Every structure is written in structure tokens, then in C-alpha cells.
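Chemist: sequence plus predicted model, see below.
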Amino acid sequence: APVLMPSPSPTAQPPEQATTTAYNLGSVTGPGLDNGPGFVTVNWGDGTPATSFQISSQGSLGLQAHAYELPGNYQITVAVTDVYGLFGSKSFTTTVAPVAPSPEIQSAPASMNAGSSVTLSSSVTDLSQAETAAGYAYAWSVLRNGSPYTLPGNPSTSGPSLVFAPTLGGSYTISLSTTD
């Protein structure tokens, strides 16, 4: 039966969600791999279709690329079937790091007068389609002259837009953070 030896370092860099990473699948030995083709199946552990390919001899299984949509721990199983139908497999775990969404404030004027109002909107870039579909938590914050400032009327600061209507003059810094 084929004997698999996993790579001691399956990735050149830690994998991040929604980013394609090349995985070193290790190597395989077995006499049934010298007499005809062998078949490799890689189950990525995330519910996506397995990757399958043919090999012609013992040795390195090479690199295969995969992107995980969500962060977490995944068990990758590499299975090899030789020309005689004998089967061997090994598994290893990969930890996929999250990538934070990137918000951008839109509609912000360079300056405005105290007593006027503007609605600031936002857009969010996220590499994960699943997290984009699920939505985000928004947190707007305002500083006036470098100190935290509570907006008059206490408008919502937890949505995708912010009504900014300062009643006092000064230098304002508006920030937006998002989490998924």
C-alpha cells in the first residue's frame, strides 16, 4: 500500500482566509506506484470539492493551491491509490487566519460649518464572500480637537452611515471600524 509522508512545513507562509495558499502535500512511496499510474485525492476539510490528480511514480506529491473562505482549523487529508487499488492516506491540520474587513468613509467634506449636517456613508471591502453576505458590525467614533466627542442628538453610531451635525467649531476626526 502507498505510504505517505507529510511535509514538515506544508505552507511557505501562514494561510489567511479567502487567499489562495500553496500546500506542500509531502511525498509517497510504494511499489505499486512504479508499475502504473497512481491517483491522489486531497480533501480540504471545508466542504469544497476534493482535488484529484494522477501521479506516475513514487516521490514528491508537489504543491496544490486552495483558498479557505472562512478562518479556522481544517483537517486536510491526502489519499493515494496505487495501480493495484491499494490505498494509503495521511492528514494534517492547517490554521487559517482571519482577514479583517476594510471600511472606507464616503461623502466626507473637507470642511463644513458648525450647525450644518452631512450624512457620511461607507463601503466595506472583505475578501470573504461568506462574511460579506452575513454583514458587518459598524462602530463610528468622533474626536473634536483630539478628544472623544458625543454627537448632539445621539445619532446611531452602529450602522453603515452616520449623520454628522456638529454644533461647535473645531477640528474633527471621524473614524469607522467594522467587524465581521
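Modeler: Arrived safely.
Chemist: ranking helices and strands of the chain by mean pLDDT, which lands last?
Modeler: helix 129-134 (a mean of 88; mean pLDDT, DSSP states H and E).
Chemist: name the surrounding residues that touch that helix.
Modeler: Residues outside helix 129-134 that contact it (Cβ atoms under 8 Å, 6 or more residues apart in numbering): 18, 69-70, 101, 124, 126, 180. Glycine gets a C-beta too; all of them are placed from N, C-alpha and C.
Chemist: immediately after that helix, which helix or strand?
Modeler: strand 137-144 (DSSP states H and E).
Chemist: returning to what we had before: just the buried residues from the contacts of helix 129-134, in ChimeraX please.
Modeler: Of the contacts of helix 129-134, the buried ones can be selected in ChimeraX as follows, counting by 16 or more other Cβ atoms under 10 Å:
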select :18,101,124,126,180
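Chemist: so which of the contacts of helix 129-134 are in strands?
Modeler: Counting by DSSP state E, the part of the contacts of helix 129-134 found in strands is residue 124.
Chemist: closest to residue 41 among the contacts of helix 129-134?
Modeler: Checking these against residue 41 with Cβ to Cβ, the nearest one is residue 69 at 20.6 Å.
Chemist: in this model residue 46 seems to touch that closest one, though I could be wrong.
Modeler: Yes. Under the criterion of Cβ atoms under 8 Å, residue 69 makes contact with residue 46 at 7.2 Å.
Chemist: neighbours of residue 178, how many?
Modeler: 19 (other Cβ atoms under 10 Å).
Chemist: gap between it and residue 67?
Modeler: From residue 178 over to residue 67 the distance is 22 Å, taken as Cβ to Cβ, to the nearest Å.
Chemist: which residues sit in contact with the closest residue to residue 172 other than its chain neighbours?
Modeler: Using Cβ to Cβ, 6 or more residues apart in numbering and skipping the chain neighbours, the partner closest in space to residue 172 is residue 144 (5.5 Å). Neighbouring residues of residue 144 by Cβ under 8 Å, 6+ apart: 166, 168, 170-172.
Chemist: can you do 10 Å?
Modeler: Residue 144 makes contact with 150-151, 166, 168-173, according to Cβ atoms under 10 Å, 6 or more residues apart in numbering.
Chemist: ditto for residue 51
Modeler: The contact partners of residue 51, by Cβ under 10 Å, 6+ apart, come to 23, 25, 40-44, 64-66, 78.
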